[in-house]
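In: let's see this in three dimensions:
(chains A and B)
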2 protein chains.
Amino acid sequence: MNLNKNYSNLQDSYLFSEVSRKVREFKEKNPSLDVVSLGIGDVTLPLCPVVTQAMHDAVTEMGNADTFKGYGDYEGYDFLRNAVCGYYAGKGVTLGGDEVFIGDGAKSDIGNILDIFSSDNTVLIPDPVYPVYVDTNIMAGRSVAYMSGNAENGFLPLPDNSVKADIIYLCSPNNPTGAVYSKEQLKSWVDYALENKAVILFDSAYEAFVQDKELPTSIFQIDGAKKCAIEFCSLSKTAGFTGTRCGYTIVPNELVHDGQPLGRLWFRRQSTKFNGVSYVVQKGAEAVFTRDGLAQTMDSIKYYQENAAIIARALSKLGIWYTGGHNAPYIWLKCPDGMPSWEFFDLLLEKANVVGTPGSGFGANGEGFFRLTAFGNKENVIEAMRRLEEMRFGT
Amino acid sequence: MNLNKNYSNLQDSYLFSEVSRKVREFKEKNPSLDVVSLGIGDVTLPLCPVVTQAMHDAVTEMGNADTFKGYGDYEGYDFLRNAVCGYYAGKGVTLGGDEVFIGDGAKSDIGNILDIFSSDNTVLIPDPVYPVYVDTNIMAGRSVAYMSGNAENGFLPLPDNSVKADIIYLCSPNNPTGAVYSKEQLKSWVDYALENKAVILFDSAYEAFVQDKELPTSIFQIDGAKKCAIEFCSLSKTAGFTGTRCGYTIVPNELVHDGQPLGRLWFRRQSTKFNGVSYVVQKGAEAVFTRDGLAQTMDSIKYYQENAAIIARALSKLGIWYTGGHNAPYIWLKCPDGMPSWEFFDLLLEKANVVGTPGSGFGANGEGFFRLTAFGNKENVIEAMRRLEEMRFGT
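Out: Modelled structure (predicted):
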């Protein structure tokens, strides 16, 4: 028996474990100090009341012989697929329920979608980036090309026609940079994909954080995208579902290669290796898309947005370059005084007792940058920014 | 961009859709007739009270800021992994929590585990069989060899030392045949795997139905199995979780190839392409393994076992050859009078208004056989057997 040798080409992801180790050691040495974390990439506010009520009702149904549900459809219940269509209608995007596939999270679907593509495709991935785009392709032995995100392009790389790619990853609003593509910028990617017969894998997990009305929250708001893109979204950050697990993937019926509708291949993959999402979870997800659900989840997002605004204001005041924050829960800043990412991490921990995430952990282009997140408690965010301002960088 | 061409080698699984079509047409033509289905492969009894109570409590926790849970561990919460260890201790199998991986169902894990193996392995699969073993390997372009299940070997094929296989699928109690390997038979598979450096993928999804004390309910009850086997199990049939979604995969620490612990590779796969099972579902699953949970779920299993016994008694009385039933929810019978599977299906539907599943849909060796399931309502099962007895086969 032979193992998949591509796994030995994976780099150990030591970013978050290294952060944890350093924080733990610092706290052990300094038990009296109050350490504030702005490094967390997970929501902290609870599920909203309409969601928990829907889940309670569903659990009760599951305990009653007359309303019990066994196997659901692999691609999700119609009630939830239709609710997602209604949500997209609000964005001006018309979808059929058969173009919506319910899954247990964007990460699972983004990894598993690769099953339907040949391993000889060339993959184009931004740097810095969410690490699973790279790792899932290395596991399959695919050749990966990188496109540079940097301060000059606002960490929003655009197509380079001299580069030939088959599969392109875009994440907007971006993790880790918080940068958001404009409609014009996304249009240039759609044009590139159509010309090169490439497919765009569009990760819109943070779309609910977009505040500027003119920015796109779905790639399907761009003409032509239905012929070249698959969109992955999740309720993790929209409605606090990181521990509840529900997402959805949009494969438009117009997306056809070599005469094969990609939605049909994805359904074949899912029906063979997946058995659908828990009924109780799907009922909770449906509640998110009701009028009350959208209002209640938006209250939580506003709380995080206010945290992001507090961080952004402090960085502006300090004259520190950053992107993100206004339309994303992430703030991506240039380390002051030209410091490398880990040096700034150590300094911030030692002097301000504040924890963030070194940008170099997200790719070579992240060196010299640093990620702060808005998912914490507001009082802690205010306190962290007060300490940051006291550090008087560059003076 | 190139698609995965292996998908075009998949055969359309038309078995259950064809059954549905024929039943629908029959009902349209005969609206006054009462059609009874013994074809259903899904549980029908609701979740038991301790499980729904645990899920209600968990939903309440998720709605409260102080007890809210975000991302859990990729491999599942310790409380559930330890509960699974306790369940295995009751089988005489000692496991560490780090050998247990919680997933959303045995089907997902059985499909996804293939990620860690090279595509140049030779796979050995019984015929007849649960179709996803074959399809998941065809998707990856692996070469599949079949081993014959038949009436002579009781649909329990044993190793053939002239065949060299790298990955071996065993399902016991078996779907679709209901046949169960003895300890001696499983030992011969473990010996074969150790000698050939093969890995056994052991599907024990129906283990809770085993009534005979001397039959194994886990491959790890066999000496040496921890060095060559991975076991997949699920709460779907044990506790009615088909619509709730929770399973577990056991990768023993002793299972090492080329110096690589397979558990570490599986963790790498799961941490990259999966984000864990819903907290609410894991709390429900934990409740299954409590004393009350085991007692309550066993009540449901006994109900299905009684159905199986009713079917088995009727077939014995009619002199029809069958296997399964006593230690499995499936009864696999030889079609009377040498009929092919679909001919018997049509006859049973027309004359007795009873629906089952043609054995030929599970592989070439299933031709001439037929599957009945015990998941229905007891009154319906009794009525279906009364009608079967009235048909007077072979007389």
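
In: A:Ile307 is in what secondary structure piece?
Out: I think there's a mix-up here, since residue A:307 is Asn and not Ile. helix A:291-318 (DSSP states H and E).

In: nearest to chain B: which residue in the stretch 1-150 of chain A?
Out: A:Gly111 (3.2 Å; C-beta to the nearest C-beta). From N, CA and C alone the C-beta is placed, and that goes for glycine too.

In: what's the nearest residue to that residue if we skip its chain neighbours?
Out: Once flanking residues are discounted, A:Gly111 sits nearest to B:Lys273: 3.2 Å by C-beta to C-beta, 6 or more residues apart in numbering or on different chains.

In: might you report the residue contacts of that neighbour?
Out: Going by C-beta atoms under 8 Å, 6 or more residues apart in numbering or on different chains, B:Lys273 touches A:107-108, A:111-112, A:132, A:136, B:112, B:115.

In: can you list the residues of the stretch 251-395 of chain A near chain B?
Out: By C-beta under 8 Å from any C-beta of the partner chain, the residues of the stretch 251-395 of chain A that approach chain B are A:257-258, A:260, A:262, A:265, A:268-269, A:272-281.

In: coming back round to it: pLDDT-wise, what's the bottom of the contacts of B:Lys273?
Out: Across the contacts of B:Lys273, the smallest pLDDT goes to A:Val132, namely 91.

In: surely that residue touches A:Ser108?
Out: No - in this structure A:Val132 lies outside contact range of A:Ser108 using C-beta atoms under 8 Å: 10.0 Å.

In: show me which residues of the stretch 51-200 of chain A are close to chain B?
Out: A:51-52, A:55-56, A:59-60, A:62-65, A:68-72, A:104-105, A:107-108, A:111-112, A:115-121, A:132, A:135-136, A:139, A:166-167, A:197-199.

In: hmm, which of these are the buried ones?
Out: Buried members of those, scored by 16 or more other C-beta atoms under 10 Å in any protein chain shown, are A:51-52, A:55-56, A:59, A:62-63, A:68-72, A:104-105, A:107-108, A:111-112, A:115-119, A:121, A:132, A:135-136, A:139, A:166-167, A:198-199.

In: so of those, which ones are in helices?
Out: Among those, DSSP state H puts A:51-52, A:55-56, A:59, A:62, A:107-108, A:111-112, A:132, A:135-136, A:139 in helices.

In: and the two most separated of these?
Out: Spatially, the most separated pair among these is A:His56 and A:Met139, at 39.0 Å (C-beta to C-beta).

In: which helix or strand contains A:Leu80?
Out: helix A:78-89.

In: name the residues of that helix that come out as buried.
Out: A:80-85, A:87-88.

In: hmm, A:Asn175 is touching A:Ala205, no?
Out: Yes - between A:Asn175 and A:Ala205 there is a contact at 7.3 Å, judged by C-beta under 8 Å.

In: am I right that A:Val123 sits in a strand?
Out: Yes - judged by DSSP: H, G, I helix; E, B strand; the rest coil, A:Val123 forms part of a strand.

In: neighbours around it, how many?
Out: 24 (other C-beta atoms under 10 Å in any protein chain shown).

In: cool, A:Asn9 as well?
Out: A:Asn9: 10 surrounding residues under other C-beta under 10 Å.

In: was I right about it contacting A:Ile138?
Out: Yes - contact criterion C-beta under 8 Å: A:Asn9 and A:Ile138 qualify, at 5.2 Å.

In: contact partners for the closest residue to A:Asp42 other than its chain neighbours?
Out: Among residues not flanking A:Asp42 along the chain, B:Gly70 sits closest, at 3.9 Å (C-beta to C-beta, 6+ apart). Counting by C-beta under 8 Å, 6+ apart, B:Gly70 makes contact with A:42-44, A:240, A:242-243.

In: format the residues you listed as JSON lines; extra columns: secondary structure and pLDDT.
Out: Shown next, in JSON lines, are these (DSSP: H, G, I helix; E, B strand; the rest coil; pLDDT from 0 to 100):
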{"residue": "A:Asp42", "secondary structure": "coil", "pLDDT": "92"}
{"residue": "A:Val43", "secondary structure": "coil", "pLDDT": "95"}
{"residue": "A:Thr44", "secondary structure": "coil", "pLDDT": "94"}
{"residue": "A:Gly240", "secondary structure": "coil", "pLDDT": "98"}
{"residue": "A:Thr242", "secondary structure": "coil", "pLDDT": "97"}
{"residue": "A:Gly243", "secondary structure": "coil", "pLDDT": "98"}
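
In: residue contacts, A:Lys27?
Out: A:33, A:35.

In: which helix or which strand is home to it?
Out: A:Lys27 belongs to helix A:15-29, assigned by DSSP H and E.

In: which parts of that helix are buried?
Out: A:19, A:23, A:26.

In: what are the pairing partners of the very next helix or strand once past that helix, and which direction each?
Out: Downstream of helix A:15-29, the next assigned helix or strand under DSSP H and E is strand A:36-37. Counting by DSSP bridges, the strands paired with strand A:36-37 are strand A:354-355 (parallel).
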